[in-house]
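Participant: sequence and predicted structure below; questions after.
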Amino acid sequence: MSEEVFESILEAERRAEEILSNAQKEATRIEREAELKSREVYEEMYKKIIDEARRSASKIIEQAKSETEKEVQRMLRDMEDEIKNLRAIAEKNMGNVVKLCFQFLTKF
């Protein structure tokens, strides 16, 4: 009887070791799957963040181009106005120079 009990204990230990071994294998498998899944999630999130950053950068660049174009157009209009004013002043001065030259020449 004690031999049967001893055999039963040995069998229970073998089964316990087998269960423990299977549990360790399963835990390792689950850990690997979790690591792979977390890597996939990380890569997916990273890609989404990069894509969003690219879209945001493109939008900022387009806005900057638009604002720059508007500013350049405004500056060109201002320059055209300044050129018109300078021409008007130059023409007025030219008229005065012609009058002065005529007066100077008619004195002699």
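Facilitator: Sure thing, it's come through.
Participant: count the residues that sit near residue 31.
Facilitator: 10 (other CB atoms under 10 Å). Just so you know, the C-beta spots here come from the backbone N, C-alpha and C atoms, and that holds for glycine as well.
Participant: show me what contacts it?
Facilitator: Contact partners of residue 31, counting by CB atoms under 8 Å, 6 or more residues apart in numbering, are absent.
Participant: just the element for it, please.
Facilitator: Assigned by DSSP states H and E, residue 31 belongs to helix 2-107.
Participant: model confidence over that helix, on average?
Facilitator: The pLDDT scores in helix 2-107 average 95.
Participant: mind checking how far it is from the chain centre?
Facilitator: Using CA atoms, centre = their mean, to the nearest Å, the mean C-alpha position of helix 2-107 is found 0 Å from that of the whole chain.
Participant: what's the neighbour count on residue 13?
Facilitator: By other CB under 10 Å, the residues close to residue 13 number 10.
Participant: over to residue 51?
Facilitator: Neighbour count for residue 51, taken as other CB under 10 Å: 10.
Participant: how much space between it and residue 101?
Facilitator: Using CB to CB, to the nearest Å, residue 51 is found at 73 Å from residue 101.
Participant: also residue 70?
Facilitator: 46 Å.
Participant: swap in residue 95?
Facilitator: From residue 95 to residue 101 the distance is 11 Å (CB to CB).
Participant: what of residue 31?
Facilitator: 100 Å.
Participant: kindly report the same for residue 62.
Facilitator: Distance, residue 62 to residue 101, using CB to CB: 57 Å.
Participant: then residue 44?
Facilitator: Counting by CB to CB, the gap from residue 44 to residue 101 is 83 Å.
Participant: cool, and residue 89?
Facilitator: Taken as CB to CB, the span from residue 89 to residue 101 is 18 Å.
Participant: before we move on, what about residue 54?
Facilitator: For residue 54 relative to residue 101 (CB to CB), the value is 68 Å.
Participant: again with residue 46
Facilitator: Distance of residue 46 to residue 101, given as CB to CB: 79 Å.
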